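J.: dropping the sequence and predicted coords here.
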Amino acid sequence: MNPAINHSPPDLEDLFCRCEGDLMRYFSRRHDGNGVARDLVQETFAQFARAVQQKQELKCARGYLFGIARHLSQRVWTRRQSEPLPLDEESSSVAMPQPDDRIEEARESIAALPALQREILDLRFAQDLSYAEMAEVLGIPVGTVRSRLHNAIAQLRLRLESDILQFPP
């Protein structure tokens, strides 16, 4: 019997209390509006509950939850990309505040990373998932998570350092 695998079903109420806020932030960062995020959190737990009922073995309940959340988020994005954007005359006339140039440069550097590296950075630093939880979410070994996170940070560091050298204050 593998001690890393939890053979008893998790307490869903306790898991919800511990993870609801993290999942709300995860979905809110990806999808505008708390209404969508709230619906996605509920669907995540509904799918998790079905997996528990089907007696699927879970190595890491929190990691499994974020794996479900990742797939739901991707499904919503795919659906959203196929829908035409509504034209709203009022939204084009609203003045947006000017962002800090350094923040914009950091966002651009992160956006230039491959999708999986961006996701690993988000799971680690925005969602505070452990390496084991990230491995569960992404379906890759922990060593691969570590190396990809290391590579993503190294690439970001190089890009940001080169930006600083090119544009002195």
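T.: Nice, thanks for sending it over.

J.: got a list of contacts for the helix or strand hosting residue 35?
T.: Here residue 35, judged by DSSP states H and E, is contained in helix 34-53. Defining contact as C-beta atoms under 8 Å, 6 or more residues apart in numbering, one finds that helix 34-53 is touched by 9-10, 12, 15-16, 20, 23-24, 27-28, 31, 58, 61, 64-65, 68-69, 72-73, 76. Glycine gets a C-beta too; all of them are placed from N, C-alpha and C.

J.: now the buried members of the residues you listed.
T.: If you count burial by 16 or more other C-beta atoms under 10 Å, the buried members of the contacts of helix 34-53 come out as 10, 15-16, 20, 23, 27-28, 31, 58, 61, 64-65, 68-69, 72-73, 76.

J.: looking at these, which are in helices?
T.: Mapping the buried ones among the contacts of helix 34-53 onto helices (DSSP state H) picks out 15-16, 20, 23, 27-28, 61, 64-65, 68-69, 72-73, 76.

J.: domains of this structure?
T.: Domain assignment for the chain, taken from automatic domain parsing, gives 1-83, 101-169.

J.: ok, residue 41 to residue 148 distance?
T.: Distance of residue 41 to residue 148, given as C-beta to C-beta, to the nearest Å: 26 Å.

J.: ugh, wrong one, I meant residue 37
T.: On the measure of C-beta to C-beta, residue 37 and residue 148 end up 26 Å apart.

J.: just residue 109 next, same as before
T.: In this view, residue 109 and residue 148 are 16 Å apart by C-beta to C-beta.

J.: report the secondary structure state of residue 55.
T.: On the three-state scheme (DSSP: H, G, I helix; E, B strand; the rest coil), residue 55 is labelled coil.

J.: burial count for it?
T.: Other residues within reach of residue 55, judged by other C-beta atoms under 10 Å, total 9.

J.: which parts of the helix or strand that contains residue 148 are buried?
T.: With elements delineated by DSSP H and E, residue 148 resides in helix 142-166, which encompasses its position. With burial defined by 16+ other C-beta under 10 Å, the residues of helix 142-166 counted as buried are 145, 148, 149, 152, 153, 155, 156, 159, 160.
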